[in-house]
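Student: need a structure here:
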Amino acid sequence: MANPLRYEVLNLYKNLLHLGKDYPKGADYFRTRLKTAFAKNKDVKDPEKIKELIARGEFVIKELEALYFLRKYRALKQRYYEDDNK
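Tutor: Alright, predicted model coming up:
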C-alpha cells in the first residue's frame, strides 16, 4: 500500500508548479528551485518530518498568493488612481 503522505506531497508539488507560472523571476527559475527543494528532501522517511515539510510548502503557497495579489493590487492602483504627489 502506498504512503498516504505521498499524495499530499504530489499535490503540493503540482500546486506550487502551477503557482510558479506567474513568478516574477520566471517560470523556469521557479521550476528549477522547486525541483531542487523537493529533490533535497526526497530521502526523508519520518512521517512527522514529512508533515513539517508539507506545512512549510503550504506556507510558501500562501506567501506566493499574497505576492501575486499584491502585484495585481499595485497594478490596478496605478491604473485607476492618480498619483497625488505630482
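Student: Could I get the contacting residues of residue 58?
Tutor: Contact analysis of residue 58 by Cβ atoms under 8 Å, 6 or more residues apart in numbering lists residue 12. For every residue, glycine as well, the C-beta is placed using N, CA and C.
Student: buried stuff in the helix or strand where it lies?
Tutor: For residue 58, the element it lies in under DSSP states H and E is helix 47-80. Across helix 47-80, burial judged by 16 or more other Cβ atoms under 10 Å covers 50, 53, 57, 60, 64.
Student: Looking at these, which is nearest residue 19?
Tutor: Set against residue 19, the nearest of the buried residues of helix 47-80 by Cβ to Cβ is residue 64 (4.8 Å).
Student: List the contacts of that closest one.
Tutor: So residue 64 contacts 16, 19-20, 23 (Cβ under 8 Å, 6+ apart).
Student: Dump those residues to CSV, plus secondary structure, pLDDT and distance to residue 4.
Tutor: Converted to CSV, these look like this (DSSP: H, G, I helix; E, B strand; the rest coil; pLDDT from 0 to 100; distance: Cβ to Cβ, whole Å):
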residue, secondary structure, pLDDT, distance to residue 4
16, helix, 95, 20
19, helix, 91, 24
20, helix, 91, 25
23, coil, 88, 30
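Student: Tell me who's in contact with residue 60.
Tutor: Counting by Cβ under 8 Å, 6+ apart, residue 60 touches residue 16.
Student: got a pLDDT number for it?
Tutor: Listed pLDDT for residue 60 reads 94.
Student: Residue 42 too?
Tutor: pLDDT at residue 42 comes out at 90.
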